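Participant: Generate coordinates for the sequence data below:
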Amino acid sequence: LLKQYPNNLYSLNLSQMLELTGDRLNDFEAWLNTWKSEFAENGLMKQVRQYIDTESKLQRNKPFVDFAAKDKDGNEVKLSELAGKGKPVILEIWASWCKACRQGMPHLIELYNKYKDKGLQIYCVSMDQAVDQWQDAVKNDALPWDTNYICTEFMASTSPLRLYNSMSMPVTVLLDGQGKIVDRNNPEDLDKRLDMIFSMPEGAEVQWE
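Facilitator: Purely as a prediction, here's the structure:
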């Protein structure tokens, strides 16, 4: 449908409703490159181009995008303090008020309990505005890992949601031991992917498909 209407700002609006990744993203970018040059400085076009640029950095086998969040004592902890250290890490971005996030936590806890003795770590960052609501949710959901963090700057350029190209939650990103992105927002595939990671020789370089 989009390709039937090039040089049309409605097409750009419509594109923002789609989850464009991988080959679909490349195809979409190639199509945009056929547009008239007069659209290059349009605000919406710049926004879409920014989305494409960010998304291209988040494709499978790309290195993780680092950021910092705060622990319960207000100390900053970077994702890089866990990721790329030889063991897989699940980055989970959530919030106490996000129903889908809370519903998905039991599955994440199950995976953690299954693989923690093999070295799986969770970098769990909340986008709550209120620290007490975040801490209550951590306690009520009985999150078993101690790597719980918070980022209250929802719309900042350094927000993990912005860096991982999402305005909805939860965001789930699986990183291998080298810190490469294995999968993103496919929680149903995490168990299978983790089995694959832990079946590989330690330190092995793998191109994930």
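
Participant: shouldn't residue 112 be in contact with residue 124?
Facilitator: No. If you go by Cβ atoms under 8 Å, residue 112 and residue 124 don't touch, sitting 9.6 Å apart. Every C-beta, even on glycine, is put in place using the N, C-alpha and C of the backbone.

Participant: Overlap in contacts, those two.
Facilitator: Each of residue 145 lies in contact with both residue 112 and residue 124 under the rule Cβ atoms under 8 Å, 6 or more residues apart in numbering.

Participant: Pull the number of nearby residues for the nearest residue to residue 42 once chain neighbours are set aside.
Facilitator: Here the nearest residue to residue 42 in space, its sequence neighbours aside, is residue 9; by Cβ to Cβ, 6 or more residues apart in numbering that works out to 7.1 Å. Using other Cβ atoms under 10 Å, residue 9 is surrounded by 13 other residues.

Participant: any idea how far residue 9 is from residue 36?
Facilitator: Taking Cβ to Cβ, to the nearest Å as the measure, residue 9 falls 12 Å from residue 36.

Participant: Which strands and helices lie in contact with the longest helix anywhere in the chain?
Facilitator: When the chain is parsed with DSSP state H, its longest helix is helix 99-115. If you count contacts as 3 or more Cβ pairs under 8 Å, 6 or more residues apart in numbering; DSSP states H and E, helix 99-115 packs onto strand 89-94, helix 190-199.

Participant: Buried deepest among these, which one?
Facilitator: Greatest average neighbour count among these goes to strand 89-94 (a mean of 24), per mean count of other Cβ atoms under 10 Å.

Participant: got the angle for that one vs helix 99-115?
Facilitator: On the basis of axes from the mean of the first three to the mean of the last three Cα atoms, to 10 degrees, strand 89-94 is oriented at 160 degrees to helix 99-115.
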